[in-house]
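Asker: quick one: sequence and predicted model below, then my questions.
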Amino acid sequence: MFNTSQDGQPSFGQKTTVLDDTDLRILSILRENGRISMAALAERVNVSRASVYNRVEQMTSAGVITGFSAQVDPGLVGLSVCALVFVTVHPQSWHRFREGIMQIPDIEYCAITTGEHDAMMLIRSIGIGDIHDFVTGVIAARPEVKSVVSVVVLDEVIRKPYVLPSDLPDRSTASNRLGMTRFTTAGNGRDAAAVR
């Protein structure tokens, strides 16, 4: 199930942790229903309850499973407007920017990115006016921020809590490869400031 060290103990917490097909099936089912009982999970995976319990415990200890939480429909709690905010940061201000945005409760997701912009945030609000106030009054007002572009999301077509390797189709034999794809490397200091 997990990579092990020479003494036979699981190498918990290492990025080299390898999951087997049973682990991936467990994670896939937990993605659909995090409240499923161990007995029902064992039945669906076709292994013993003790085995499922041990695997879930090991994946939790290894940091593969980082927690269990409820999924909420943003619209039904009053946050019906969603926007993506793309930020360009002044050079040499990455750490201040990262530390500052981590203190802002309005941000649902933020990542340091390559390409034209330096960071991308996902925010939700009650109305368009609140999005405008947040972008101009909070994000653009930060001294580390050089420019901001915001895009209102019209429809969230796919939103999964996570994707597993078993979800990815094998495209290694695809004959119609896109020749125009280009990746831009991170600028000076941006790699060290990536939001984890």
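Answerer: Good, I have the coordinates. If you're wondering where the values come from, they're calculated on a predicted model, not measured in any experiment.

Asker: can you give me the strands in this structure?
Answerer: Taking DSSP state E to define them, one finds strands in the chain at 81-89, 107-112, 119-125, 145-153.

Asker: need the nearest residue in space to the residue nearest the centre of the chain, chain neighbours excluded.
Answerer: The chain has Y162 as the residue nearest its centroid, 6.8 Å off, counting by Cα atoms, centre = their mean. Leaving aside its sequence neighbours, Y162 sits nearest to R31 (Cβ to Cβ, 6 or more residues apart in numbering; 6.4 Å). C-beta coordinates here come from the backbone N, C-alpha and C atoms, glycine included.

Asker: the one you found: what's it in contact with?
Answerer: K160, P161, Y162, L164 (Cβ atoms under 8 Å, 6 or more residues apart in numbering).

Asker: so the last one touches L24, yeah?
Answerer: Same thing as L164. Yes. Using Cβ atoms under 8 Å, L164 is in contact with L24, at 5.5 Å.

Asker: before we move on, back to that, could you identify the most distant pair in the contacts of R31?
Answerer: Across these, no pair lies farther apart than P161 and L164, at 10.7 Å, counting by Cβ to Cβ.

Asker: still on that earlier bit, of the strands of the chain, which is nearest L41?
Answerer: Closest to L41 of the strands of the chain, according to Cβ to Cβ: strand 107-112, at 28.2 Å.

Asker: what about R124, how many neighbours?
Answerer: 19 (other Cβ atoms under 10 Å).

Asker: for beta bridges, what are the partners of it?
Answerer: Applying DSSP bridges to R124 gives these bridge partners: C82.

Asker: roughly how far does it sit from C82?
Answerer: With distances taken as Cβ to Cβ, to the nearest Å, R124 is found 5 Å from C82.

Asker: anything in contact with each of those two?
Answerer: Residues touching both R124 and C82 by Cβ under 8 Å, 6+ apart: P74.

Asker: wait, what's in contact with I123?
Answerer: Contacts of I123 by Cβ under 8 Å, 6+ apart are C82, A83, V85, D106, I107, E108, I131, F134.
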